[in-house]
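Asker: Got a predicted model here, sequence first, then my questions.
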Amino acid sequence: MTSRPITQPTGPREAPRICYVGGDDVRMRIPLLQRLRAAGFSVAVCGTENADPFEAAGIPYYRYRLSRSVDPLADYRSVTDLIRIFRNLSPDLVHAFDTKPNLVAAIAARRARIGRVVNTITGMGRLFAPGSHGLLRLAYIGTHRYLDRLADITVFQNEDDMAFFRAHAMVREGKARLIRGSGVDVEALLASVPPSARIAALKSDLGLSDGIVVAMVSRVIREKGVIEFLKAAEIAGRQQPKLRFILVGPRETEGKQAIDAQTIGNYAQYVDYLGPRKDVPALLSLTDILVLPTMYREGVPRVLLEAGALGVALVASDAPGCRDVARHRVTGMIVPQGSIAPLAEAIVELAEQPELRRQMGQRAQTLVREEFSLDKVTREYASVYRELLERHPRKRNGV
């Protein structure tokens, strides 16, 4: 069953109403939604997570059922839930994020006679990681060729994904747009960091006061390159005793993908596993080097953006999305996917060159401000929405 909205849409009905559809992390787009509301749009959200963040932001929120697995019956329920929500809400435009929400939202929007649909590709995930199954890739390609017929515009977060879709006839000419991520409010992020005295206390509490801090913030699963991080930490830690490694992120909620506690414990001499944390900005602010050796085709990894915004030097794998932020020897270092020795070498090089780290962090902050800022992303999405709305200026609903 779908839930009732936490709050009702506010503002005059003349304001174009945009409904976002996502999964269990759609709350990450609340800052973007707030900016869109300030830009003259009415906003609402459909998702599968807890409603509290939306209630606090005063954003109408509807829950719907969603299965990440291949399950036609579950997908039918998702579509049915969304049709009911869309008919009640009557949005002018539906905008979905990620493959399964893109699919069920586009089908539901067309059946509910919503006239405008936007999809965002937030990376291509594990399907295109080394060793993934070819048949699943074919299914992914076929799904997006079908989605291209349902969506008016498909937004990509990096150029690699957009080029892949074009090369495989997954998006028609004129329907692709490049918008880099969901935006980072650099000033708000900086303001959220505790004062230096509290950061120093946190660093002391974690036993990091006398070291060069290297952090990985990620879901603790193999596809994110956690094993490579652990092994590289052992190699680099032996070469450079001042290095202090921390691993931050959920493990127990990751099911079969999770790396077992014993494997992490085998590297406890070199890496402190802190589990999931609510003080990630504070942890990033005390970090000297942020590492993300992912195997995924990422969209634009938010942790790289946030670390860059805080002036942290970056080390990342040579993966789509990562190299958009961690630009080699500019804002950080890029290493081959699945590598261990090159990853350790990059960490040691940055550890031994504090001025290089400082320069890379400074350039990373400038890059995030100029290319990934919340203001820039808001303007670009608002432009996409207005383009679609102006195609039929007097038409509220219907195809």
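Answerer: Great, that's in hand.
Asker: Please enumerate the strands of the stretch 101-250 of the chain.
Answerer: Applying DSSP state E, counting those that start in this stretch to the stretch 101-250 of the chain gives strands spanning 117-121, 123-125, 153-156, 176-178, 212-217, 243-248.
Asker: looking at those, which one has the lowest mean pLDDT?
Answerer: Out of these, strand 123-125 stands lowest, with a mean of 83 (criterion: mean pLDDT).
Asker: That one - contacts with which helices or strands?
Answerer: Applying 3 or more C-beta pairs under 8 Å, 6 or more residues apart in numbering; DSSP states H and E, one finds that strand 123-125 contacts helix 159-167, strand 297-298. Any C-beta I mention is one placed from the backbone N, CA and C, and that applies to glycine too.
Asker: Could you rerun that using 7 Å?
Answerer: Packing contacts for strand 123-125, counted by 3 or more C-beta pairs under 7 Å, 6 or more residues apart in numbering; DSSP states H and E, involve strand 297-298.
Asker: and after the strand it packs on, which helix or strand comes next?
Answerer: With elements assigned by DSSP states H and E, the helix or strand that comes after strand 297-298 is helix 302-309.
Asker: Need the contact partners of that next one.
Answerer: Helix 302-309 has contacts (C-beta atoms under 7 Å, 6 or more residues apart in numbering) with 28, 181, 184, 186, 189, 217-218, 281, 284, 287, 290, 292, 314, 316, 322, 325-326, 331, 364-365, 367-368, 372.
Asker: at 6 Å instead, please
Answerer: Residues outside helix 302-309 that contact it (C-beta atoms under 6 Å, 6 or more residues apart in numbering): 184, 186, 189, 217, 284, 290, 292, 314, 325-326, 364-365, 368, 372.
Asker: before we move on, the earlier item: for the strands of the stretch 101-250 of the chain, could you give me a markdown table that also reports distance to residue 381?
Answerer: Shown next, in a markdown table, are the strands of the stretch 101-250 of the chain (distance: least, C-beta to C-beta, whole Å):
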| stretch | distance to residue 381 |
| --- | --- |
| strand 117-121 | 8 |
| strand 123-125 | 18 |
| strand 153-156 | 8 |
| strand 176-178 | 9 |
| strand 212-217 | 26 |
| strand 243-248 | 30 |
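Asker: how about low-confidence regions in the stretch 101-250 of the chain?
Answerer: 128-133 (pLDDT under 70).
Asker: Where do the helices of it begin and end?
Answerer: Taking DSSP state H, counting those that start in this stretch as the test, the helices found in the stretch 101-250 of the chain are 134-150, 159-167, 186-192, 196-205, 226-239.
Asker: The last one packs against which elements?
Answerer: Read that as helix 226-239. For helix 226-239, the elements it packs on are strand 243-248, helix 341-351, judged by 3 or more C-beta pairs under 6 Å, 6 or more residues apart in numbering; DSSP states H and E.
Asker: now the angle between strand 243-248 and that helix, please.
Answerer: Calculated by axes from the mean of the first three to the mean of the last three C-alpha atoms, to 10 degrees, helix 226-239 forms an angle of 160 degrees with strand 243-248.
Asker: next one: helix 226-239 to chain centre, how far?
Answerer: The chain centre lies 25 Å from the centre of helix 226-239; the measure is C-alpha atoms, centre = their mean, to the nearest Å.
Asker: Could you export it as CSV, CA atoms only?
Answerer: The C-alpha trace of helix 226-239 is given here as CSV (Å, rounded to 0.1, in the frame of the first residue of the first chain):
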residue,chain,number,x,y,z
VAL,A,226,37.1,-2.4,-0.5
ILE,A,227,39.3,-5.5,-0.8
GLU,A,228,41.8,-3.5,-3.0
PHE,A,229,41.7,-0.7,-0.4
LEU,A,230,42.5,-3.1,2.5
LYS,A,231,45.4,-4.8,0.6
ALA,A,232,46.8,-1.5,-0.6
ALA,A,233,46.6,-0.1,3.0
GLU,A,234,48.8,-3.0,4.2
ILE,A,235,51.4,-2.4,1.5
ALA,A,236,51.4,1.4,1.9
GLY,A,237,51.3,1.2,5.7
ARG,A,238,54.5,-0.9,5.8
GLN,A,239,56.2,1.7,3.5
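Asker: What residues sit buried inside that helix?
Answerer: The neighbour-count check on helix 226-239 (16 or more other C-beta atoms under 10 Å) flags 226, 227, 228, 229, 230, 231, 232, 233, 234, 235, 236, 237 as buried.
Asker: out of the residues you listed, which one sits closest to residue 337?
Answerer: When the buried residues of helix 226-239 are ranked by distance to residue 337 (C-beta to C-beta), residue 228 comes first, at 8.7 Å.
Asker: What is the end-to-end distance of stretch 320-327?
Answerer: 12 Å (C-alpha to C-alpha, to the nearest Å).
Asker: export the strands of the stretch 101-250 of the chain to a markdown table and tack on mean neighbour count?
Answerer: Below are the strands of the stretch 101-250 of the chain laid out as a markdown table (neighbours: other C-beta atoms under 10 Å):
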| stretch | mean neighbour count |
| --- | --- |
| strand 117-121 | 26 |
| strand 123-125 | 21 |
| strand 153-156 | 23 |
| strand 176-178 | 16 |
| strand 212-217 | 25 |
| strand 243-248 | 23 |
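Asker: so what's residue 170 closest to, chain neighbours aside?
Answerer: Leaving aside its sequence neighbours, residue 170 sits nearest to residue 144 (C-beta to C-beta, 6 or more residues apart in numbering; 4.3 Å).
Asker: do residue 53 as well
Answerer: Nearest non-adjacent residue to residue 53, counting by C-beta to C-beta, 6+ apart: residue 27, 4.3 Å away.
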